[in-house]
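Undergrad: Starting from these lines, generate the structure:
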Amino acid sequence: MTTTARSGDSALIAELQSAGQLSARCGSAFRAVAREWFVSDRIWVQEVDGGPYEPMDRSAEPEHWLRNVHSNRVIVTQFDDGATSWPEVGYRPTCSASMPSAVAGMLDALDISSGQSVLEIGTGTGYNAALLAELVGVRGKVTTIEIDADLAATARARLEAAGYGHVAVVVGDAAGMAVTEKFDRVIATAGVHLGQLPVGWLESTRIGGVILAPMRADLASGPLVRFEVERDGVGRGHAVRGLRVGFMELRSHRVAALPFDGLRWDDPAADRSITEVSPFKMLIDEASRWAVAVAVPSCRYSLEKKTPERDHGVAWLSDPVSGSWVSVVPDNRSRYTVRQSGPRRLWDEAEAAFRWWRRHGEPPLEAWHWTVAPDRQTVALA
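TA: Purely as a prediction, here's the structure:
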């Protein structure tokens, strides 16, 4: 632990507290655990929101590295399950130190008490496990599961070096885990697909316990859902108000996407129609996008901006399973031209879902009620 690291921690903590993103209890855990202890020397960082990932080496740029580690931003520590070697930038981030404000928000939503037992899904760097260990205290217990054996070994070593060797680091696939004990709290740091929350997590949670999981669909991600396991063994919950998170999917939940760059938005062979529904309103707004995501499974989207060669944006929908796709562009008359190709009428499905959402008063994500039981999983308006 260095003086620079601790001063950096203090500045980050002050920033989060000033923004109302760090409670007093989580603040104590953040002060006890330096983020620096759990971040690789070689990392990738987006120093500009939405910009490209830039490789960074601690030995070459120590002060620059520390500034990023002590900032409220995501630090990527692995691409493509380790297949991409630093400094190359890969396709899919597969391990990171999450944004500290999101980490703090999730820990608050988990509502941990001293002495409780916690199961973490996705060890990653080990930083979150150390924070959990601080929150449960010496009478509590933290078990963390990581599917990647190399990541698990590195996290275990870092936890031991930081004084958290009592945290149990288990190598395994949490999506197919067998129930071996009961926990007061279960927290996932990987995105869980709608309708596929592993039943083992439910069965591993005590009655009255909590499961906190970032939920996603093919078309949308973001709602962090807090389930409470009731006496009938069913988990019921809602999205945590005001907190949106974007996590990598559980490996078994990954779905390939149909590449849009090989398609022509003005393909003359596609079926053509006109709509008055704006695809940009539908897909940019999180509440409407989620309503469409629930109703239209196996659907991905992309939005393209205007270019010097094209004086309008393009909204895309695609289904990688059937190969169906849609392009939607404005026609300068407050209407939009729709082109659909493939066996599915994706736009027809999406527009119907969007109109349904409007008829129901445009409900926000928090209005949805989530249920997970051994024999069913549902999401519906409360």
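Undergrad: buried residues in the longest strand that the chain contains?
TA: Longest strand in the chain, counting residues (DSSP state E): strand 205-216. Residues of strand 205-216 classed as buried by neighbour count (16 or more other Cβ atoms under 10 Å): 205, 209-216. Every residue, glycine included, has its C-beta placed from N, CA and C.
Undergrad: Starting from the helix or strand following it, tell me which strands it pairs with and how they run.
TA: Once the chain leaves strand 205-216, the next helix or strand it forms, by DSSP states H and E, is strand 221-229. For strand 221-229, the pairing partners within the sheet under DSSP bridges are strand 205-216 (antiparallel), strand 235-244 (antiparallel).
Undergrad: so which of the ones you listed comes closest to residue 347?
TA: Across the strands paired with strand 221-229, residue 347 has its closest neighbour in strand 205-216 (21.9 Å, Cβ to Cβ).
Undergrad: Next, the angle strand 235-244 makes with the strand or helix carrying residue 101.
TA: Here residue 101 sits within helix 100-110, counting by DSSP H and E. Per axes from the mean of the first three to the mean of the last three Cα atoms, to 10 degrees, the angle that helix 100-110 makes with strand 235-244 is 150 degrees.
Undergrad: Report the distance from helix 100-110 to the chain centre.
TA: From the chain centre to the centre of helix 100-110 is a distance of 13 Å (Cα atoms, centre = their mean, to the nearest Å).
Undergrad: Below-threshold pLDDT in the stretch 151-300 of the chain: ranges please.
TA: Across the stretch 151-300 of the chain, the ranges flagged by pLDDT under 70 are 257-258.
Undergrad: Could you pull up the mean pLDDT of the helix or strand containing residue 318?
TA: According to DSSP H and E, residue 318 maps onto strand 314-319. Taken as a whole, strand 314-319 carries a mean pLDDT of 95.
Undergrad: Render the CA-only coordinates of that strand in PDB, please.
TA: The C-alpha atoms that make up strand 314-319 are tabulated as PDB, following Å, rounded to 0.1, in the frame of the first residue of the first chain:
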ATOM      1  CA  VAL A 314     -30.300   4.000 -39.600                       C
ATOM      2  CA  ALA A 315     -31.900   1.800 -36.900                       C
ATOM      3  CA  TRP A 316     -31.300  -1.900 -37.200                       C
ATOM      4  CA  LEU A 317     -32.900  -5.000 -35.700                       C
ATOM      5  CA  SER A 318     -31.600  -8.500 -36.200                       C
ATOM      6  CA  ASP A 319     -32.300 -12.100 -35.200                       C
END
